[in-house]
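In: Provided below for reference: sequence and predicted model.
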Amino acid sequence: MTFIARTRSGLVDGLLHSSRAFLVGTAIIASSMTFLSTTDAQAQKVLRVGNDGEPQSMDPHFISTVQTSRISDDMFLGLLTYGPDGEPVAGAAESWDVSEDGKTYTFKIRDHTWSDGVPVTAQDFIAGWERLLAPETGAEYASLLYIIEGAEDINSGKEGAKLGANALDDKTLEVKLTAPAPYFLAQLTHQTAFAIPRHTIEKFGRDWVKAENIVVNGPYKLEEWVPNVHSKLVKNDAFYDAANVAIDEVVYYNYEDLTAMQNRFRAGELDVTRMIASEQISWLKDNMADSLRIAPYAGIYYVAIRTNKEPFGDVRIRKALSLAINREAITDSVLKTGEIPAYSFVPPGTGNYGEPSYVSWKDQSYADNLAEAKKLLAEAGYGPDKPLKFTLRYNTQENNKRFAIAAQNMWKQIGVEAELFNAEGKIHFADLKVGDFELARAGWIADYNDAQNFLFLGETRTGPLNYAAFNNARFDELMLAAEQESDLKSRATLMQQAEAVMMEEQPYIPIFYYVSKQLVSPKIEGWIDNAPDRHLTRWLDLKN
């Protein structure tokens with residue numbers, strides 16, 4: 001089976017040729033600051049979510065994890081937003097037009113306000129994009145907007161650079177792209193494309209996201225954030241579709257201990273857990289089948305190798321380490337929750353792409369892989385008398401620990417000594433962005449259904465999100481050529497060639513393609529499994 005059962009390309013194509021699209025709201029969920037009794041919950045609808053990680057920030061420009069974006073998606077409304085099935089639908093823009101060459105978009109901003117009653121304007125979106133791209137902001141996700149004219153020049157500090165976005169009036173936004181981008185509308189659901197409340201940021205600076213200061217244009221607003229405990233959101237009565245928001249509060253409780261999170265669910269103290277402990281999968285299937293949700297998920301679990309640290313600049317070493325990983329053993333014996341062994345960086349079934357470029361040894365036996373790995377290490381100067389030693393870092397979570405131990409044992413078979421080091425997620429990913437590691441576990445969940453959103457992680461210009469510090473001129477050249485190519489088939493071919501370069505160089509060791517795996521209470525209505533694994537609270541309801 002392919003990793004993504006259905007793609008968004010058909011929907012996006014329809015949006016590209018649609019002059020008008022409307023978003024119809026249906027329902028929402030809420031949550032409380034503390035675990036509530038059944039009697040308390042009857043007074044108002046409170047959604048209690050077990051979130052598998054601490055949020056990084058409430059500021060959309062400083063978010064890069066899915067755990068944080070779940071909260072941000074509840075508070076902010078992009079030009080487009082995620083619908084109940086995870087597909088992009090109209091959000092802050094009630095309609096749009098696209099030029100014949102596919103390079104100019106004109107959006108009509110719906111009549112709606114920030115939570116303090118100040119109208120949301122086209123200029124608020126431009127201000128958000130300019131803030132994200134400003135070099136002094138230091139936003140690690142800035143490169144995601146490079147498809148807009150002038151965006152890369154602004155982010156690189158080029159004097160006189162101007163963004164290709166204009167407010168024709170308060171409710172009309174014109175955006176010019178460097179090339180036709182089949183993913184652009186879907187990209188606008190992402191936090192990098194959100195508007196910002198200029199008046200609030202001017203008043204409070206970076207403190208604008210504190211609970212007492214923050215204003216939002218989405219269905220929920222922040223009431224409380226207790227670090228390492230929970231984030232409490234309450235219904236935004238000023239939201240344009242508040243009448244169709246069913247949930248009063250939503251509380252995101254932070255858990256890195258997945259077993260503890262599952263125990264809270266079993267005790268009725270959580271309505272959703274956004275991850276499960278894989279070692280308990282058999283028990284969950286036997287005892288909680290009505291709550292267990294496992295579905296294809298658009299993402300890749302991988303190991304990043306810091307290529308600018310010796311000896312990892314040697315491709316023979318990187319390839320040997322990748323060859324020694326028995327992916328089938330990890331998915332079938334370690335995790336056992338439906339993950340698919342990965343031999344490419346782009347998951348099969350990704351939109352606008354076709355067949356991924358797999359490693360050349362994909363169909364080789366594991367015994368042959370080990371023999372080749374030992375040979376490559378010997379050529380690089382490592383063997384029994386001089387074993388390769390390094391530290392593999394991973395963020396604290398049972399599933400990551402189980403993978404790390406398995407990888408450590410697999411590398412022992414080729415004479416490699418890997419020390420394991422774990423840290424909480426916030427620290428782990430901060431270290432990855434500054435290159436403070438040798439090898440590290442990482443994962444990427446697609447922001448939009450296009451191969452470019454995976455492969456850009458290897459581009460030199462991507463910056464902090466290029467964890468491996470991969471710097472390959474041919475790869476960069478192919479990705480830039482793909483960006484300028486309007487023919488989808490030719491564009492896909494260029495990206496496939498780029499992926500082939502990446503798979504030969506192995507700056508990233510692909511391990512498996514994700515599945516989403518969570519527990520969802522049967523009392524929740526409106527939950528639709530989808531490849532992006534996006535479940536905005538506004539679309540949900542709770543049965544009494």
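Out: Cool, the structure landed.

In: can you give me phi and psi for Gly50?
Out: phi -90, psi 110 (degrees, to the nearest 10).

In: give me every residue that touches it.
Out: 253, 255, 261, 264-265, 270, 272-275 (Cβ atoms under 8 Å, 6 or more residues apart in numbering). Where you see a C-beta, it was placed from the backbone N, CA and C, and this is true even at glycine.

In: how much space separates it from Glu269?
Out: Shown here: Gly50 relative to Glu269, a distance of 9 Å by Cβ to Cβ, to the nearest Å.

In: try Asp447
Out: Noted for Asp447: a distance of 32 Å to Glu269, by Cβ to Cβ.

In: of the two, who's got more company?
Out: Ranked by neighbour count (other Cβ atoms under 10 Å), Asp447 and Glu269 place Asp447 first, with 24 against 16.

In: how many neighbours does the residue nearest to that one when sequence neighbours are not counted have?
Out: Leaving aside its sequence neighbours, Asp447 sits nearest to His190 (Cβ to Cβ, 6 or more residues apart in numbering; 4.7 Å). Using other Cβ under 10 Å, His190 has 23 neighbouring residues.

In: what's His190 in contact with, if anything?
Out: Going by Cβ under 8 Å, 6+ apart, the list of residues near His190 reads 78, 144, 447-448.

In: how about residues contacting the helix or strand that contains Tyr252?
Out: Following DSSP states H and E, the helix or strand that holds Tyr252 is strand 249-254. Outside of strand 249-254, the residues within contact range by Cβ under 8 Å, 6+ apart are 29-33, 44-51, 53-55, 70-71, 74, 220, 223, 228-235, 261, 264, 270, 537.

In: so the nearest residue to Thr178 once chain neighbours are set aside versus Tyr343, what's the distance?
Out: Counting by Cβ to Cβ, 6+ apart, Glu149 is the residue found nearest to Thr178 once chain neighbours are left out, at 5.6 Å. Separation of Glu149 from Tyr343 (Cβ to Cβ) stands at 37 Å.

In: how far off centre is the helix or strand containing Phe403?
Out: Element membership for Phe403, per DSSP H and E: helix 398-412. How far helix 398-412 lies from its chain's middle: 23 Å, per Cα atoms, centre = their mean, to the nearest Å.

In: packing partners of that helix?
Out: Where contact means 3 or more Cβ pairs under 8 Å, 6 or more residues apart in numbering; DSSP states H and E, helix 398-412 is packed against helix 258-266, strand 389-395, strand 417-423, strand 439-445.

In: so which of these comes closest to Lys489?
Out: Minimum separation from Lys489 across these (Cβ to Cβ) falls at strand 439-445, 24.9 Å.

In: which residues touch the closest one?
Out: 66, 297-306, 312, 321, 390-395, 400, 403-404, 418, 428-429, 431-432, 454, 457, 467, 508, 514, 532-533.

In: can I have the buried ones of those residues as a PyMOL selection?
Out: To isolate the buried subset of these in PyMOL, counting by 16 or more other Cβ atoms under 10 Å, use the following:
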select buried, resi 66+297+298+299+300+301+302+303+304+305+306+312+321+390+392+393+394+395+400+403+404+418+428+429+431+432+454+457+467+508+514+532+533
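
In: list the ones among the contacts of strand 249-254 that fall in strands.
Out: Counted as lying in strands by DSSP state E, out of these, are 46-51, 220, 223, 230-235.

In: just among the contacts of Gly50, which is most surrounded?
Out: Neighbour tally across the contacts of Gly50 (other Cβ under 10 Å): the maximum, 28 neighbours, falls on Thr273.

In: not counting its neighbours along the chain, what's nearest it?
Out: Spatial nearest neighbour of Thr273, excluding adjacent residues (Cβ to Cβ, 6+ apart): Gly50 at 4.0 Å.
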